[in-house]
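K.L.:
3D model of this:
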Amino acid sequence: MALNADGWCRLCWRQAASQRTGRRSIGVVEANADGQQLFLANLFRQKRLPPQTPSTETMPNAGRYPVIHRQGVLVDLVRDILAGQQAGFPDPPIPELALLLEQAAAEHAARHGWSKTRRNSATAALRILLALQDTPGAPITTTEIARLTALSANARPLEEILDAVGMLDDDKESTLDAWFARQSRDLPEPMAGELRTWFEILRDGRTTPPRFRPKSTNTIRVRTRALIPVLKSWEADGHRSLRTITRNHVQDALPTSGSRRALTGSALRSLFRVLKARKVVFVNPTVRIRTGKPETRQPLPMSLAVVREALGSPNPARQALAALVAFHAPRSGDIRALRLTDVRDGRMYLPTHTILLADEARNLVGRWLDHRATHWPRTLNPHLFINTFTAVRTVPVSHVWINKTLGVSAQAVREDRILHEAAATFGDPRRLCDLFGLSILAARRYTDTVNGPTLGSATQAPR
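P.N.:
Just a heads-up that it's a prediction; the model follows:
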């Protein structure tokens, strides 16, 4: 028996080497070259490789989808998804398209660090969607995806996968459009159409003269809520169009004073300015009508017992949030938008200013980063704060999650900290602007309280 330097017989060493390298097994002639030797099989377990899915670049006809035609249906019936689950769904009519979407789901899952269970669930849902299509190969609508919620399928990841390969048809109505339709459904025509014209300009803006910038969703909702009662009162008086509204009608509809008068006047001014620019109405009846400014709420101190409790919490996310809010008081929106690269070198880089982190805040943020890396090591989400739902995506956490995790409103803590700083600096507006990214007008809201009756006796600087 011939042995090598390590004490292996040459035949065993050759056989083991062939298993490790994946080469062909040795033949009879090679086996008898140095004599016979019994070989014990399965001494070396070969690593099982995952099944390889062909790349979309090598798949034939991958560029044919989605198809541009739509097959009409004779009777549009609502499919019973639960019954289909019990009876079993058919196979997709186009296997190559199913393979394409399976590859897209695998790539999306690998990029976002999905678990095997989540990836398989998404793949199964995509196969169901393909099997239920009236037009095989056509884009899949968000309405069809929403039907799978009966099977506890998460619609948002499916939409992201289909959108990445150009197979998504977003046919759902936006929440803002649906909300506006409910608010204005009782108005008569043509008043409802005139209000709809104003709404579309505020939502989308206008790039041709006269130009308008699109407004935020919150601004549109606030102004619409202020307009609807006024328009319904005009309808009750017999007006069916805004063209018949005069200056006297506007003055009678305005509240006497306060923030309600300012808000209603601003909404009416916006409505008639847009309609006059679009030549829907002949005159703007709100011209030269003074409505005043909204009343500002005086900031008040709050109890920080919840924040102190959060600093000692076993939850690293709650600790880090409490440290940032308690020591530096950033806005809730700034916390949501914070990325991993925005906290570095002991500083927090916000859009308006840069903050040198306190030692306690730096330590607790570091603890959260360790926890984040341990629980979601493969996540692609670039934001500093993530949770179970956002770790598999790239979106920020919500305002609700921040307040719920912190145990108190982050905005309330921010106002308390600014108020405390205003009292400590005897109402120095420059200090508030530098530390908290406020404008001069916003800083005066806090500095005015220093000289007021509530805090003046204890905090006013000697002269």
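
K.L.:
Tell me where the stretch 1-150 of the chain is predicted with low confidence.
P.N.:
For the stretch 1-150 of the chain, residues meeting the criterion pLDDT under 70 lie at 1-63.

K.L.:
Nearest residue to the middle of this protein?
P.N.:
In the chain, the C-alpha closest to the average C-alpha coordinate belongs to Val395, at a distance of 4.3 Å (Cα atoms, centre = their mean).

K.L.:
so who does that residue touch?
P.N.:
Asn381 (Cβ atoms under 8 Å, 6 or more residues apart in numbering). Where C-beta positions appear, they are placed from N, C-alpha and C, glycine not excepted.

K.L.:
Confirm it sits in a helix?
P.N.:
No: read with DSSP: H, G, I helix; E, B strand; the rest coil, Val395 is coil and lies in no helix.

K.L.:
and the nearest residue in space to Ala310 that is not next to it in sequence, what helix or strand is that in?
P.N.:
Nearest residue to Ala310 in three dimensions, chain neighbours excluded: Ala322, at 3.6 Å (Cβ to Cβ, 6 or more residues apart in numbering). Using DSSP states H and E, Ala322 maps to helix 316-328.

K.L.:
Report the next helix or strand after that helix in sequence order.
P.N.:
Taking DSSP H and E, what comes next after helix 316-328 is helix 332-337.

K.L.:
Sheet partners, orientation included, of the helix or strand just after that next one?
P.N.:
Using DSSP H and E, the next helix or strand after helix 332-337 towards the C-terminus is strand 343-344. Take DSSP bridges as the rule and strand 343-344 pairs in its sheet with strand 347-349 (antiparallel).

K.L.:
quick one: strands adjacent to the helix or strand that the strand it pairs with is followed by?
P.N.:
Sequence order places strand 354-356 as the next helix or strand after strand 347-349, per DSSP H and E. Sheet pairing of strand 354-356 (DSSP bridges) gives strand 347-349 (antiparallel).

K.L.:
so how far is the partner strand from its chain's centroid?
P.N.:
23 Å (Cα atoms, centre = their mean, to the nearest Å).

K.L.:
can you pull the contacts of the closest residue in space to Arg417 that isn't next to it in sequence?
P.N.:
Nearest non-adjacent residue to Arg417, counting by Cβ to Cβ, 6+ apart: Ala329, 3.9 Å away. For Ala329, the contacting residues are 413-414, 417-418, 436, by Cβ under 8 Å, 6+ apart.

K.L.:
ok, now Arg372?
P.N.:
Per Cβ under 8 Å, 6+ apart, neighbours of Arg372: 316, 386.

K.L.:
what does His328 give?
P.N.:
Counting by Cβ under 8 Å, 6+ apart, His328 touches 348, 355, 357-358, 361, 435.

K.L.:
Also Ala412?
P.N.:
Met302.
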